[in-house]
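> Below is the sequence, then the predicted model.
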Amino acid sequence: MKGEEFATIWKPPNHKLFDMNNKEISPVLQRRMANQAQSKATPSAPIFNITLGNEFANILRPPAAAPAMMPPAQAIPAPLYAETPSSFLLHPSQLPGPEMDIAVFCQQFGLAAQTLEKLKDNCYGKAQVLRFVHIDDLKQMGFRMGEIAGLQDAVEKWSVSRNA
C-alpha cells in the first residue's frame, strides 16, 4: 500500500465524503479541514519530557545523620509456636484432618473406650479441637502414657502434611 494512489495523512482517499467539490461537506471532511487550519495557524512548540528519579522528592531535606556505631545485634529467630512442637498433640508440620465427631474419630482409629470417655468428660466433641491440645493437658485429664501415645498415633494418622 505504497504510492501516490493511496491515501495519506495529507492526501485524503478518493471518496465522496472527502470530495471538496461536493456541495454538502461531510463531518469527516469538516473535521479534517479544521485540523489542517488549526495546525497552520498555531505552530507546534517542541515538547520535552523529563523524568525525575525517586530521590528528587528528598532533594531539599537535610541528609540523615549517620547512626552511631553499635555492635551488630544477633538475630534471634522467633519461635513458630510458644511451646516446643512436641508439646502439642498435633505436630506443627501437620494440618488437621477431616471434621468428624470425637466418637467417630476414636472408633475409626481404634482408640480405647476409656480414651473416648475421658475426652467426652472434658467436653471434646469434635476431632478438629485436638489441634489445640497439649500433652500436659492430657496428663491433667488423667491419661496414662500408653493412652497418650495411642492418641498421638491416631492424630498423626488423621492429620494431613502441610507440604502435601
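That came in fine, so what should we check first?
> Flag the shaky bits of the chain, pLDDT-wise.
The chain contains residues with pLDDT under 70 at 1-5, 16-23, 42-44, 65-86, 164.
> can you give me the helices for it?
27-41, 102-108, 113-121, 135-140, 145-158 (DSSP state H).
> Which of those sits closest to residue 10?
helix 27-41 (8.6 Å; CB to CB). Heads up, the C-betas are built off the backbone N, CA and C, glycines and all.
> which of the residues in the closest one are buried?
29, 32 (16 or more other CB atoms under 10 Å).
> Stretch 119-137 now?
By neighbour count with 16+ other CB under 10 Å, stretch 119-137 contains the buried residues 119, 124, 127, 128, 130, 131, 133, 135.
> thinking again about what came up before, looking at the helices of the chain, which is nearest to residue 90?
helix 145-158 (5.6 Å).
> Off-centre distance for the closest one?
Centroid separation for helix 145-158 versus its chain: 36 Å, with CA atoms, centre = their mean, to the nearest Å.
> Can you mark which positions in stretch 100-116 are buried?
102, 105, 106, 109, 111, 115, 116.
> Of the residues you listed, just say which sits nearest to residue 157.
residue 109 (6.0 Å).
> and the nearest residue to that closest one once chain neighbours are set aside, how many neighbours does it have?
Spatial nearest neighbour of residue 109, chain neighbours left out: residue 154 (3.6 Å); criterion: CB to CB, 6 or more residues apart in numbering. Residue 154 is flanked by 20 other residues according to other CB atoms under 10 Å.
> Number the residues from 204 up from this point.
In the new count, where the first residue is 204, that last one comes out as residue 357.
> Now do residue 357 against residue 313, distance only.
Residue 357 sits 7 Å away from residue 313, taking CB to CB, to the nearest Å as the criterion.
> one step back: can you name the residues that contact the residue nearest to residue 312?
Residue 357 makes contact with 308, 309, 312, 313, 314, according to CB atoms under 8 Å, 6 or more residues apart in numbering.
> Which residues are in contact with the first one?
For residue 308, the set of contacting residues under the criterion of CB under 8 Å, 6+ apart consists of 314, 330, 333, 357, 361.
> So it versus residue 325, what's the distance?
From residue 308 across to residue 325, the span is 14 Å (CB to CB).
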